[in-house]
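Visitor: Below is the sequence, then the predicted model.
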Amino acid sequence: MRNKPLCLITMGDPAGIGPEVILRTLASARAADIADIAVVGWPEPFERDAAMLGMTVAINPMDDPSTIAPRPGVMNLVVPEGVYDAPSAYGAVEARCGKAAARCIERSAELLMEGRADAVVTAPINKEALSLAGYRYPGHTEFYRNLTGAGDIAMMLSLGNFRVVHVTTHTAIRDVPALVTKDRIIRVALLLADALDLTGIARPRIAVSGLNPHAGEAGMFGREEIDEIAPAVAELAARGIDISGPHPPDTVFARAYGGEFDAVVAMYHDQGHVALKLAG
């Protein structure tokens, strides 16, 4: 019986940094202690980057990752079906690269849905290349939702005990206010509470960020806090969720990073990403 989780890592864009990062990860004793790892991709970009890094790695192609026997210096590689067309150059943005990255994502979802792996980690993709290949997804989250048939999704970033979940993600700033609705905030906060419960935090302390400067300053700088965010917080609190807000976005992330909250519900992509990525 396996005593560690089996984790898949998708190759990402073959012209990007993903293969290099994966090679360094596989060489890490810390990663090997955490999980058994199988990579989903094609040999070419790993052979290219191993030569660039001066690394030696033996590639073991396979169909079923659940049968792997991890060995130092060996990459267990699940090769997707279909023809692989190598990038014309490192850093190139091409449809062929987007297609290869997409096939790795699709194969990883198939393996997870079949119960042949426990989790997946995704290496970076290029959204322009993905679009050129005909995959019209703004990111991994929406792609996996379609592949798995998930009823609802939210993007959560975590850095130790500092966690941020997003009401909206890859969308133009001008479109964000119309998407910040009471219903969406409630759905995201409930997904967050369920996710944290799965990690052992039975009643997480959740903070909700405002959308506007100073959380709207009582309507002086916008009404989203009054019309949508505060009513969502009130309804969630009535359901027994330990939740507060809307808090001014220029202070709530620092408070969460300091340990006052278990997670923050951010209103849009950069509001949450900037805070967590700066901390990390």
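Guide: Okay, I see it. Numbering: from 1, shown residues only.

Visitor: The residue lying farthest from the centre of the chain in helix, strand or coil?
Guide: Most distant from the centre of the chain: residue 220, at 34.9 Å, with distances by Cα atoms, centre = their mean. What DSSP: H, G, I helix; E, B strand; the rest coil gives for residue 220 is coil.

Visitor: burial count for the nearest residue to it once chain neighbours are set aside?
Guide: Nearest residue to residue 220, sequence neighbours excluded (Cβ to Cβ, 6 or more residues apart in numbering): residue 214, at 8.0 Å. Placement of C-beta: from N, CA and C, glycine included. By other Cβ atoms under 10 Å, 16 other residues sit near residue 214.

Visitor: got it, and residue 206?
Guide: Residue 206, neighbours per other Cβ under 10 Å, totals 25.

Visitor: ok, now residue 28?
Guide: A count of nearby residues for residue 28, using other Cβ under 10 Å, gives 11.

Visitor: The one 4 residues further on now?
Guide: A total of 15 residues lie near residue 32 under the criterion other Cβ under 10 Å.

Visitor: what's the helix or strand for it?
Guide: Residue 32 belongs to helix 29-34 when elements are defined using DSSP states H and E.

Visitor: mind listing what's buried in stretch 233-250?
Guide: By 16 or more other Cβ atoms under 10 Å, the buried positions in stretch 233-250 come out as 233, 235, 236, 241, 243, 244, 245, 246, 247, 248, 249.

Visitor: In contact with the first one, which residues are there?
Guide: So that's residue 233. Residue 233 sits next to 185, 208, 243, 244, 245, 246 when contact means Cβ atoms under 8 Å, 6 or more residues apart in numbering.

Visitor: got TSV for these, with secondary structure and distance to residue 125 too?
Guide: Listed next are those as TSV, based on DSSP: H, G, I helix; E, B strand; the rest coil; distance: Cβ to Cβ, whole Å:
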residue	secondary structure	distance to residue 125
185	helix	28
208	strand	30
243	strand	33
244	strand	36
245	strand	33
246	strand	33
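
Visitor: Which two of those residues have the greatest separation?
Guide: Using Cβ to Cβ, the contacts of residue 233 span at most 13.1 Å, a distance reached by 185 and 244.

Visitor: intersection of neighbour lists for these two?
Guide: Joint contacts of residue 185 and residue 244 (Cβ under 8 Å, 6+ apart) are 208, 233.

Visitor: And the pLDDT for residue 1?
Guide: Model confidence at residue 1, given as pLDDT, is 57.

Visitor: Among the buried residues of stretch 233-250, which one lies nearest to residue 60?
Guide: Residue 60 lies nearest to residue 241 out of those, by Cβ to Cβ, at 46.8 Å.

Visitor: how about the residue nearest to the closest one when sequence neighbours are not counted, phi and psi?
Guide: Computed as Cβ to Cβ, 6+ apart, the closest residue to residue 241 that is not its neighbour in sequence is residue 193, at 5.9 Å. With angles defined as degrees, to the nearest 10, residue 193 shows backbone torsions of phi -60, psi -40.
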